[in-house]
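# One predicted model, sequence on top.
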Amino acid sequence: WWWLPWQAVGAVVFFVAGLAELRRPPFDMPIADSEIIFGPFTEYGGLRFALFLLAEYAGIVVLCALTSVLFLGGWKGPFLDTELGWLWMLIKTFALAFVVIWLRLSNPRMREDQLQKLAWAWLVPLSLAQLALTGVVRVAMA
């Protein structure tokens, strides 16, 4: 738990970058212009369309599992780590998946200029500051 305060910024940057990579709202500009016909997936019907959507949700599960392992302690919980480690991992993963789906429903889509401003004015400087802070803490602890 002691590393969480100085790694929280890295966790937020990682999670937001993962959402943008998955093209989940509010970062879904590639399919935003054709909402009625669902963008490039128009040509696909039936099983092909279902497989594309399944791949999207598999990406959500992978992003949430990586975030919970890298930043939330993975299988460690407040009690019974060895017996219930799998349950703690599932709880953290599903809680983050709930956040991803909740963000899709509650946030409006960002325009291209807003996304560029978020990335270059906030996320890149925050990640560089996080890298410098991690280096300082690592040297101070050694």
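Looks like it came in fine. Numbers count the residues shown, from 1 in each chain.
# Point out where this structure drops to low pLDDT.
1-3, 29-44 (pLDDT under 70).
# Quick one: the helices in it, in order.
4-21, 47-71, 81-106, 112-117, 124-141 (DSSP state H).
# residue at max distance from the center of this protein?
Distance to the chain centre peaks in the chain at A142, reaching 31.0 Å (criterion: C-alpha atoms, centre = their mean).
# related to what we said a few turns ago, TSV please, covering the helices of the chain and showing distance to F27 and mean neighbour count.
The C-beta positions use only the backbone N, C-alpha and C, and glycine is treated the same way. Shown next, in TSV, are these (distance: least, C-beta to C-beta, whole Å; neighbours: other C-beta atoms under 10 Å):
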stretch	distance to F27	mean neighbour count
helix 4-21	4	16
helix 47-71	12	15
helix 81-106	10	14
helix 112-117	6	11
helix 124-141	16	12
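# Just put these in TSV and tack on distance to D28.
Shown next, in TSV, are those (distance: least, C-beta to C-beta, whole Å):
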stretch	distance to D28
helix 4-21	9
helix 47-71	10
helix 81-106	9
helix 112-117	10
helix 124-141	21
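# gap between the nearest residue to R109 once chain neighbours are set aside and P125?
Counting by C-beta to C-beta, 6 or more residues apart in numbering, R109 lies nearest to P26, which is 5.2 Å off, once chain neighbours are set aside. Going from P26 to P125 by C-beta to C-beta, to the nearest Å gives 20 Å.
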